[in-house]
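Undergrad: Show me how the following folds:
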Amino acid sequence: MDLPHCRRRYETTAITLNWGTEVETVRTVAFIDWDTARRLLPYEVARKSRSRVEDSIFEVQKFIAEILTELPGRHVYRVQMRLYHGWHKKLTKTDDRREFEAASLEARVLGRVSFANGVVYGNELLCGGKRFQLYDTLRANDGVEEQKMVDTALVSDLLHYARTQSKDLALVVGDDDDLLPGVFTAEVWGAKVLVLRIRPEDSKHLKTDRLILRRGQ
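TA: Prediction:
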């Protein structure tokens, strides 16, 4: 699939891609807030789709691929996707989780960006250990369902990744400013990290220059 031409390239970002001048493979993990990412597929399309999960994931992959392709250089990116969401009510898988597990999510190549087959669910923390599995991440509060531990799980995994895989590229796909302190910390620790966003504007009171990227900027 050919990606659309971009209006301009990202000549400068908050990271330096020091993989040399030759075309090299960049291992990349995308830490994805699913509440943000699912909005890439328009509601009316999602409502009528018979393969909503597959269509939504494809939209997210196109979004990521277009932005990576705009980065300087001609590197090849190998992306693993980690999805953060309320995947369990108590110990029971949510309808969203079951829908994902029933979907066929095959490996895909979009230009210089390839995606591994399937996704990894963010309720299994990268740190491992006896407490690495998170449950009860979707709870009812006065009849309204709320996600719990989802943002902190994403940030925890990002920081673990920054400590153990600092030579690789980390992408945070999420519009929530609650994710930014973890991103700032990972950056100070030496991680190559970028934030990909859908919403058009950011707080003017935070120093996020060259850190947040959007499609077609």
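Undergrad: When you work out contacts or count neighbours from here on, use the C-alpha atoms and nothing else.
TA: Fine.
Undergrad: so where is this protein shaky, pLDDT-wise?
TA: Residue ranges of the chain with pLDDT under 70: 1-22.
Undergrad: Residue 66 is in contact with residue 215, correct?
TA: Yes. With contacts counted by Cα atoms under 8 Å, residue 215 reaches residue 66, the gap being 6.8 Å.
Undergrad: residue contacts, residue 122?
TA: Listed by Cα atoms under 8 Å, 6 or more residues apart in numbering, the contact set of residue 122 reads 82, 83, 84, 85, 150, 153, 154.
Undergrad: residues near the fifth one, how many?
TA: The local packing of residue 150 (other Cα atoms under 10 Å) involves 21 other residues.
Undergrad: and what of the third one?
TA: The tally of other residues near residue 84 (other Cα under 10 Å) stands at 22.
Undergrad: which one is it nearest to, not counting chain neighbours?
TA: Once flanking residues are discounted, residue 84 sits nearest to residue 122: 4.7 Å by Cα to Cα, 6 or more residues apart in numbering.
Undergrad: Kindly report the same for the first one.
TA: In this structure, residue 82 finds its nearest non-sequential neighbour in residue 120, 4.7 Å apart by Cα to Cα, 6+ apart.
Undergrad: State the phi and psi torsions of that neighbour.
TA: phi -110, psi 130 (degrees, to the nearest 10).
Undergrad: Quick check, central residue of the protein?
TA: residue 32 (2.8 Å; Cα atoms, centre = their mean).
Undergrad: That one belongs to a strand?
TA: Yes. Assessed with DSSP: H, G, I helix; E, B strand; the rest coil, residue 32 lies in a strand.
Undergrad: i'd like the first residue to be 369 from this point on
TA: Got it, the first residue is 369 from now on, which makes the last one we talked about residue 400.
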